[in-house]
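Undergrad: With the sequence up front, the predicted model follows.
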Amino acid sequence: QLQLVESGGGLVQPGGSLRLSCAASGLTLEHYAVGWFRQAPGKEREGVSCISRRGGTTKYADSLKGRFTISRDNAKDMVYLQMNSLKPEDTGIYYCAATAIPPCTNATMNYWGKGTLVTVSS
């Protein structure tokens, strides 16, 4: 069964940090560009970041540059999203997704995880 599984979400205070992880089952992440997306309550799902298969190219939503860092460890077949200086508006469900053919957009991803909830609140 092909699936992606996110982990690392939780409750964090404003200004805090979290690291999300994305693991794969039934497919090898190394063969895919991987993106992180998020969906805030009452809003549409939006792209957060994307990393190429070998990790040489990364992209971020303009509003997140400098606070979030995407990375991957192909030896472990894992992709990560380090989130720093978190704000209440970062609250939402975070999804990882994989695509054989970039770019990373809602329409182009081949596989999706079920998401992990991030709540930024004092």
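TA: Yep, it's here.
Undergrad: And the residue nearest the centre of the protein?
TA: Per Cα atoms, centre = their mean, the C-alpha nearest to the average position across the chain is that of W36, at 2.5 Å.
Undergrad: Is that residue in a helix, a strand, or coil?
TA: strand (DSSP: H, G, I helix; E, B strand; the rest coil).
Undergrad: hang on, it packs against L20?
TA: Yes. In terms of Cβ atoms under 8 Å, W36 counts as a neighbour of L20; the distance is 7.0 Å. C-beta coordinates here come from the backbone N, C-alpha and C atoms, glycine included.
Undergrad: re the thing from before, list the contacts of the residue nearest to the centre of the chain.
TA: W36 sits next to 20, 22, 47-50, 70, 79, 81, 94-97 when contact means Cβ atoms under 8 Å, 6 or more residues apart in numbering.
Undergrad: can you check L27 too?
TA: L2, A98, Y111.
Undergrad: didn't the last one look like it was pressed against A97?
TA: Yes. Under the criterion of Cβ under 8 Å, Y111 lies in contact with A97, with a separation of 6.3 Å.
Undergrad: the strands in the chain, which residues?
TA: 3-7, 10-12, 18-25, 33-39, 46-51, 58-60, 68-73, 78-83, 92-99, 111-112, 116-120 (DSSP state E).
Undergrad: Show me how far the fifth one is from its chain's centre.
TA: Right, the one you point to is strand 46-51. 6 Å (Cα atoms, centre = their mean, to the nearest Å).
Undergrad: I'd like to know which elements it is packed against.
TA: strand 33-39, strand 58-60, strand 68-73, strand 78-83 (3 or more Cβ pairs under 8 Å, 6 or more residues apart in numbering; DSSP states H and E).
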